[in-house]
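Peer 1: Got a predicted structure plus its sequence, pasted below:
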Amino acid sequence: MPQLEIVDLKASYGPHTVLERINLSVEKGEIVSLIGPSGSGKSTLLRVLMGLLPPEHGTVRINGQLVNYADKTTVRALRAEIAIVFQQYNLFQNMTVLENVMITPLKIKRWPKQEVEENAVRLLTRVGLGHRLKAYPDELSGGQQQRVAIARALALKPNVLFLDEVTAALDPELVNEVLDTIRALALEGITLFIVSHEMSFVREVSSKVVFMAGGHVIETGSPKEIFDTPRETRTREFVSKILRH
């Protein structure tokens, strides 16, 4: 049974259709990268799956269970399964790094404080920031702040993690430290959904690559299939342009 199954998904912003006929199946532990030109619907798909933009049509199942996006209780349950990290860090500036990672498990989940703190310390150590627990966000580099954001998402113990252009707002020299963190996550068996323009990284880390354009899934395959032997003309056009740079 797929961990995440999307069938005939459609979504719109007002009169403008932004996703149409999206079909995708993801197995537990897969690393799925969404690639494509800007405006192709990659980030929008993550927002729909998170319940931030309601779908017009189609079905989404998590571990075989149908997600009813019109039901707030169901959406809350969904967010216990899936967490997302955006390209903007959205950290609380008046809280330390440790407090930023602890706040949602404490205030929303109401998990025991000692358990939450121990887990937060472990996660921050895991992303290379165990020595900055008492630092505030404005004392950190962009790459460090993004790693805090990843630790904060992991503190909710999700089964699936969405990473939406998490290196897009970073200076080039800071990108690799975040990519190294994602590489480490990929080895731990968590299911990852990655939207990225870092094509060499996508090729290295992904088990499945999904090429999107115009709000549609054009082609899905292994990194080798998508980058070396794409079937669809639109995929070949995109790949040929990005590989020239």
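Peer 2: That came through fine.
Peer 1: Okay, now the unreliable bits of the protein?
Peer 2: 243-245 (pLDDT under 70).
Peer 1: Domain boundaries for it, per the record?
Peer 2: What the TED database lists as the domains of the chain is 1-80+159-244, 90-157.
Peer 1: now those as TSV including mean neighbour count?
Peer 2: Any C-beta I mention is one placed from the backbone N, CA and C, and that applies to glycine too. Putting the domains of the chain into TSV (neighbours: other CB atoms under 10 Å) gives the following:
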stretch	mean neighbour count
domain 1-80+159-244	17
domain 90-157	18
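Peer 1: partners of Val32 in the sheet?
Peer 2: Phe193, Lys208 (DSSP bridges).
Peer 1: which residues touch it?
Peer 2: Neighbour list for Val32: 24, 26, 191-194, 206-210 [criterion: CB atoms under 8 Å, 6 or more residues apart in numbering].
Peer 1: measure it to Leu4 for me?
Peer 2: 9 Å (CB to CB, to the nearest Å).
Peer 1: List the residues that are in contact with both of those two.
Peer 2: Listed as contacting both Val32 and Leu4 by CB under 8 Å, 6+ apart are 24, 26, 191.
Peer 1: Give me the nearest residue to the second one, chain neighbours excluded.
Peer 2: Think Val26. Closest residue in space to Val26, ignoring its immediate chain neighbours: Leu4 at 4.2 Å, by CB to CB, 6 or more residues apart in numbering.
Peer 1: One more: the first one?
Peer 2: Nearest non-adjacent residue to Leu24, counting by CB to CB, 6+ apart: Ile6, 4.4 Å away.
Peer 1: quick one: secondary structure of that neighbour?
Peer 2: Classification of Ile6 using DSSP: H, G, I helix; E, B strand; the rest coil returns strand.
Peer 1: again, but for Lys134
Peer 2: What three-state DSSP gives for Lys134 is coil.
Peer 1: by contact count, what packs against the helix or strand hosting Arg147?
Peer 2: Element membership of Arg147, judged by DSSP states H and E, is helix 142-154. Counting contacts by 3 or more CB pairs under 8 Å, 6 or more residues apart in numbering; DSSP states H and E, helix 142-154 packs against strand 82-85, helix 97-107, helix 113-126, strand 160-164, helix 172-186.
Peer 1: Can I get the ones you listed in CSV including distance to Thr74?
Peer 2: Compiled in CSV, the helices and strands packed on helix 142-154 are given as follows (distance: least, CB to CB, whole Å):
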stretch, distance to Thr74
strand 82-85, 12
helix 97-107, 19
helix 113-126, 25
strand 160-164, 16
helix 172-186, 27
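Peer 1: wait, which of these is closest to Arg152?
Peer 2: If you check each of these against Arg152 by CB to CB, helix 97-107 wins as the nearest, at 4.9 Å.
Peer 1: which one of the contacts of Val32 sits closest to Ser240?
Peer 2: Closest approach to Ser240 among those (CB to CB): Val209, at 15.5 Å.
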